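[1] Predicted model follows, preceded by the sequence.
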Amino acid sequence: MSAPRRTALITGITGQDGLYLAELLLAKGYAVHGLIRGQHNPKRELVEQLVPDVRLHHGDLTDQSSLLRALRACEPDEVYNLGAVSFVAYSWQNPHVTTDVTALGVLNLLEALRLHSGDDTSAVRFYQASSSEMFGKVQESPQHERTLLWPRSPYAVAKAYGHHLTVNYRESYALHASSGILFNHESPRRGPEFVTRKVSQAVARISLGLQDDLVMGNLDAERDWGFAGDYVEAMWLMLQQDVADDYVVATGQTHSVRELLDVAFACAGIDDWTPYVRQDAQHLRPAEVDRLVGDAGKARRVLGWQPRVGFHELVAMMVESDLAEQKHHL
Ligand code: NDP
Ligand code: GDR
């Protein structure tokens with residue numbers, strides 16, 4: 001007899017990671033449900049086009065009863081909390097909204113899960129999308145699961161709350177709740193507000209003559225950039241473990257924004273990007289995270305996870321995808 005079909009609920013289904021995770025789980029035979037917010041969500045069409053087998057439920061992380069209704073409607077075995085206000089720069093302009101969604105949203109979902117599960121608290125497995133941004137003003141390098149958190153933005157403070165709450169609910173109620181501390185991960189589906197996609201889109205448009213210049217912030221910041229398709233696999237692996245835990249997911253390699261510009265422009269045959277790029281203070285952050293690099297040794301040892309796509313391949317994939325997309329505008 002074959003094993004019963006497993007069911008997963010994903011918040012943040014319209015985001016980069018939600019789409020990759022939905023594809024992964026569908027390929028593994030899961031029944032996949034997604035939480036979608038707003039009376040008319042412009043990204044609904046994209047979800048229906050890319051992952052038509054996902055069943056969508058209306059709900060919002062700030063509205064606990066909507067979360068409870070979604071849980072009751074789909075009776076999941078696994079819940080992946082990917083929903084968040086996720087753009088760091090925006091979090092200084094909208095700290096309350098960021099806190100409501102990115103921090104208190106985790107509380108709302110964990111409490112809804114407890115109400116839904118009753119006494120059987122370990123029946124549903126929970127994944128929290130935590131972030132390397134929590135390391136902020138880093139206290140050691142590379143960063144690992146026990147590195148002291150020093151968040152540097154309202155977003156990072158909210159993520160630190162979500163992380164600690166997930167650990168606390170695991171310890172308090174024996175919930176199977178894991179926190180994935182993921183370093184930056186990118187793809188052609190990355191939102192255009194994030195630096196990699198902003199650069200890949202601009203490089204494509206500049207090389208096709210559709211755009212003259214690119215206005216940037218801090219070019220010296222360094223990030224450990226991986227491919228989102230690899231990282232959602234780590235999320236799934238965490239929930240397949242007998243015991244819930246916290247894991248850093250990273251490539252272990254760091255690159256500056258300047259290097260990102262070198263590689264991205266070179267992909268379009270432009271060796272000197274200086275005539276096209278200028279810096280503007282409007283893109284500088286009130287407190288910057290200078291350099292992140294992760295130690296994913298635990299994920300490698302316990303989960304058997306490792307990244308497949310390297311930095312150059314990732315940037316080339318994004319530039320090629322944007323070139324193909326932008327050619328339609330010619
Ligand atoms: P995206 O910004 O692409 O997606 C965020 C998702 O959250 C969207 O689906 C968005 O929905 C949803 N959302 C926003 N507000 C609410 C709300 N009030 N209620 C329910 N859903 C909401 O993020 P990513 O896919 O890149 O990241 C996924 C998660 O992982 C996020 O929590 C992010 O903070 C975290 N993370 C991401 C990393 C990365 O490098 N990508 C690294 C570490 C952590 P809508 O379309 O309606 O706006
Ligand atoms: P980050 O990603 O803040 O690390 O958060 P982002 O791509 O926005 O910035 C990375 C670094 O690039 C510098 N930078 C610029 N950033 C943007 N967006 N635009 C610019 O013009 C620009 N110029 C320089 C930034 O200052 C920063 O140092 C992402 C998000 O996905 C979070 O949700 C997630 O938790 C972390 O990654 C890990």
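    Yep, that arrived. Ligands and ions are numbered 1, 2, ... in the order given.
[2] Next, the closest residue to D63 other than its chain neighbours: secondary structure please.
    Nearest residue to D63 in three dimensions, chain neighbours excluded: N108, at 7.7 Å (Cβ to Cβ, 6 or more residues apart in numbering). Where you see a C-beta, it was placed from the backbone N, CA and C, and this is true even at glycine. Using DSSP: H, G, I helix; E, B strand; the rest coil, the structure places N108 in helix.
[3] so what pLDDT did N108 get?
    At N108, the pLDDT value in this model is 98.
[4] now do I36
    pLDDT, I36: 98.
[5] how far away is the residue nearest to D63 from ligand 2?
    Per Cβ to the nearest ligand atom, to the nearest Å, N108 is found 19 Å from ligand 2.
[6] swap in A250?
    10 Å.
[7] Which pLDDT value belongs to that residue?
    pLDDT recorded at A250 is 99.
[8] dump the residue contacts of it.
    S132, P142, Q143, L182, F183, D224, G226, V293, G294, D295, A296 (Cβ atoms under 8 Å, 6 or more residues apart in numbering).
[9] how about JSON lines for these, with neighbour count and distance to L323 added?
    Shown next, in JSON lines, are the contacts of A250 (neighbours: other Cβ atoms under 10 Å; distance: Cβ to Cβ, whole Å):
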{"residue": "S132", "neighbour count": "25", "distance to L323": "29"}
{"residue": "P142", "neighbour count": "20", "distance to L323": "33"}
{"residue": "Q143", "neighbour count": "25", "distance to L323": "34"}
{"residue": "L182", "neighbour count": "26", "distance to L323": "28"}
{"residue": "F183", "neighbour count": "26", "distance to L323": "27"}
{"residue": "D224", "neighbour count": "27", "distance to L323": "26"}
{"residue": "G226", "neighbour count": "28", "distance to L323": "22"}
{"residue": "V293", "neighbour count": "20", "distance to L323": "30"}
{"residue": "G294", "neighbour count": "27", "distance to L323": "30"}
{"residue": "D295", "neighbour count": "18", "distance to L323": "35"}
{"residue": "A296", "neighbour count": "26", "distance to L323": "31"}
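[10] ok, of those residues, which one's closest to ligand 2?
    S132 (4.7 Å; Cβ to the nearest ligand atom).
[11] which residue packs closest to the closest one, ignoring adjacent ones?
    Nearest non-adjacent residue to S132, counting by Cβ to Cβ, 6+ apart: F183, 4.2 Å away.
[12] which ones are touching that neighbour?
    Contact analysis of F183 by Cβ under 8 Å, 6+ apart lists S132, R223, D224, W225, G226, V248, V249, A250, T251, L292, V293, G294.
[13] try 7 Å
    Contacts for F183 (Cβ atoms under 7 Å, 6 or more residues apart in numbering) come out as S132, D224, G226, V249, A250, L292, G294.
[14] Closest one to ligand 1 out of those, please.
    Nearest to ligand 1 among those: S132, at 6.3 Å, using Cβ to the nearest ligand atom.
[15] need the contact list for the residue of the chain found nearest ligand 1.
    Minimum separation of the chain from ligand 1 (Cβ to the nearest ligand atom) falls at G15, amounting to 2.1 Å. Counting by Cβ under 7 Å, 6+ apart, G15 makes contact with L82.
[16] same thing with Q211?
    Q211 makes contacts with A202, R205, as judged by Cβ under 7 Å, 6+ apart.
[17] Can you tell me the SS state at it?
    Counting by three-state DSSP, the backbone at Q211 sits in coil.
[18] Dump the contacts of A250 into CSV; add distance to L67 as well.
    Shown next, in CSV, are the contacts of A250 (distance: Cβ to Cβ, whole Å):
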residue, distance to L67
S132, 26
P142, 35
Q143, 31
L182, 22
F183, 28
D224, 32
G226, 29
V293, 35
G294, 30
D295, 34
A296, 31
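[19] ok, which of these also contact ligand 2?
    Contacts with ligand 2 are made by S132, F183 out of these, judged by Cβ under 6 Å from any ligand atom.
[20] Now tabulate the contacts of A250 in TSV and tack on pLDDT.
    Shown next, in TSV, are the contacts of A250 (pLDDT from 0 to 100):
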residue	pLDDT
S132	99
P142	98
Q143	98
L182	99
F183	99
D224	98
G226	98
V293	98
G294	98
D295	98
A296	98
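[21] Mind checking which of the contacts of A250 are in strands?
    By the criterion of DSSP state E, membership of those in strands covers L182, G226.
[22] Going by distance to V203, which of the contacts of A250 wins?
    For the contacts of A250, the residue nearest V203 by Cβ to Cβ is G226; the value is 19.9 Å.
[23] Spit out the contact partners of that closest one.
    Shown in contact with G226 (Cβ under 7 Å, 6+ apart): F183, H185, A250, T251, P307.
[24] For ligand 1, tell me which of these show up nearby.
    Among the contacts of G226, the residues within reach of ligand 1 (Cβ under 6 Å from any ligand atom) are H185.
[25] Turn the contacts of G226 into TSV, including secondary structure.
    Converted to TSV, these look like this (three-state DSSP):
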residue	secondary structure
F183	coil
H185	strand
A250	coil
T251	coil
P307	coil
